[in-house]
Each structure stands twice: as C-alpha cells, then as structure tokens.
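J.: Pasting a predicted model and its sequence here:
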Amino acid sequence: MRTYLLKRVLYSLLVMWGVATLVFFMLRAIPGDPVAVILGEEATPEAMVQLRKNLGLDGPFYVQYARWFARLLRGDLGRSLLAGEQVSVLLWQAAPRTFAIAALALIISLTVAIPAGIISAVKKHTFPDHVATVVAFIGLSMPNFWLGIILILFFSVHLGWFPSMGYVALDEGFWRPGFAI
C-alpha cells in the first residue's frame, strides 16, 4: 500500500510539473510582446527594457523557465497585472470564503443526494426514481462551467435571489451561492 501511494504521489508531481511546463511554454508561444501590451504603443524603448527585466523576460527561454520554476516552487506566483498585488496574497485572501462556500455546497449536495439515492434504491422504477435519475444525468453530463453559468443566469438574473458576483455575508443569504454550486 505504501509503495502504491508513493507511486501515485510521484506520478501526481510529474503530471503537475508537466502541466506547469506546458502552460509556461504555451504562454511564451502566444504571438505579440506582453511588454508592448502592458505599456502600450507609446512606450519608450527604455521603459520596455526595464519592464522586460522586471518581468524576467530579458533572458533566453531556458533561463526564464528556470527562474519561473524556482519562484513557483517557493510559492511566488508573481504579481497580478490588474490588482498589482502578489497573486499568492490574493489567493490566500479569497481562500476562507472559497472554502466556506465549498463546504456549504458539500453539505447541501449531501443533504439532497443521500435521500434521493435512498428513495431511488427503495422505490425502483417509480416516478421519484426516474426524476432523481434524470436530474443526476443532467447534472453530470453538463460541464461544470456551463452548469454554473446557467445557475447564475437562473437564480441571479431571472429570480433575483442573489448577486451574480461577489461575496455575500451569512446574514444576507450566504446559502444561495452554496446552493448554486
């Protein structure tokens, strides 16, 4: 068992390294100069050289990759171009709310799924069994991002139960995003 777990952990690390490496090189393969996009067409050559150095884009690919991967291993995910803050700080700020909504979604889904499964098992080939099966198939066959968009559209736009984005405090209807997830 220990050998199996060790193999799985090593395989997972290899897959994560492969995906991270693929993303790095795919981002570098995008046409255009990211420095020119950030600074705009009116930028001076000196400003472009300085930003290229600040972003670590001034060396060859293998040097850029080595720097990027070393920072990634230290947990340095870089700076957000929109917020101007460290990405890791932004992720840690959002983590408690994300985990709270995910835990609530898990509780709601188990509260619905376990009784539905019991009813389907006890009353085979009845109307409640068929309804539970159809709802489960629809939920499982749709991609999560598409189902999320549909739920946001239905609950936020059509019903107006909660805002379509942002965090909602517990006393303002915290259960609603958890229910949608």
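T.: Happy to help now that I have it.

J.: Just the C-alpha atoms of the helix or strand hosting residue 38, please, in CSV.
T.: Assigned by DSSP states H and E, residue 38 belongs to helix 34-39. Only the C-alpha atoms of helix 34-39 are listed here, as CSV (Å, rounded to 0.1, in the frame of the first residue of the first chain):
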residue,chain,number,x,y,z
PRO,A,34,3.5,41.2,-23.5
VAL,A,35,5.6,44.2,-22.6
ALA,A,36,4.1,46.2,-25.5
VAL,A,37,0.6,45.1,-24.5
ILE,A,38,1.2,46.2,-20.9
LEU,A,39,2.9,49.6,-21.7
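
J.: helices and strands around the very next helix or strand once past it, which ones?
T.: The first helix or strand that comes after helix 34-39 along the chain, using DSSP H and E, is helix 45-55. With contacts defined as 3 or more Cβ pairs under 8 Å, 6 or more residues apart in numbering; DSSP states H and E, helix 45-55 has these neighbours: helix 34-39. (Glycine included, C-beta is placed from N, CA and C.)

J.: pLDDT of the helix it packs on, averaged?
T.: Mean pLDDT, computed over helix 34-39, is 83.

J.: which secondary structure elements does the helix holding residue 38 contact?
T.: Partner elements for helix 34-39 (3+ Cβ pairs under 8 Å, 6+ apart): helix 45-55.

J.: what angle do the helix or strand that the helix it packs on is followed by and helix 45-55 make?
T.: Sequence order places helix 61-74 as the next helix or strand after helix 45-55, per DSSP H and E. If you take axes from the mean of the first three to the mean of the last three Cα atoms, to 10 degrees, helix 61-74 sits at 50 degrees to helix 45-55.

J.: Now find how far off-centre helix 61-74 is within its chain.
T.: Put simply, helix 61-74 sits 22 Å off its chain's centre (Cα atoms, centre = their mean, to the nearest Å).

J.: again with stretch 149-160
T.: The answer for stretch 149-160 is 20 Å, by Cα atoms, centre = their mean.

J.: May I see the buried residues of it?
T.: For stretch 149-160, a neighbour-count test (16 or more other Cβ atoms under 10 Å) marks 152, 155, 156 as buried.

J.: Closest one of those to residue 128?
T.: Using Cβ to Cβ, residue 155 is the member of these that sits closest to residue 128, with 24.1 Å.

J.: And the pLDDT at that closest one?
T.: pLDDT, read off for residue 155, is 80.

J.: wait, doesn't it sit right on residue 149?
T.: No - here residue 155 does not reach residue 149: they are 11.3 Å apart, not a contact under Cβ atoms under 8 Å.

J.: Name the residues of stretch 12-29 that are buried.
T.: residue 24.

J.: Which elements pack onto the longest helix along the chain?
T.: The longest helix of the chain (DSSP state H) is helix 87-122. Other helices and strands packing on helix 87-122, by 3+ Cβ pairs under 8 Å, 6+ apart, are helix 127-141, helix 175-180.
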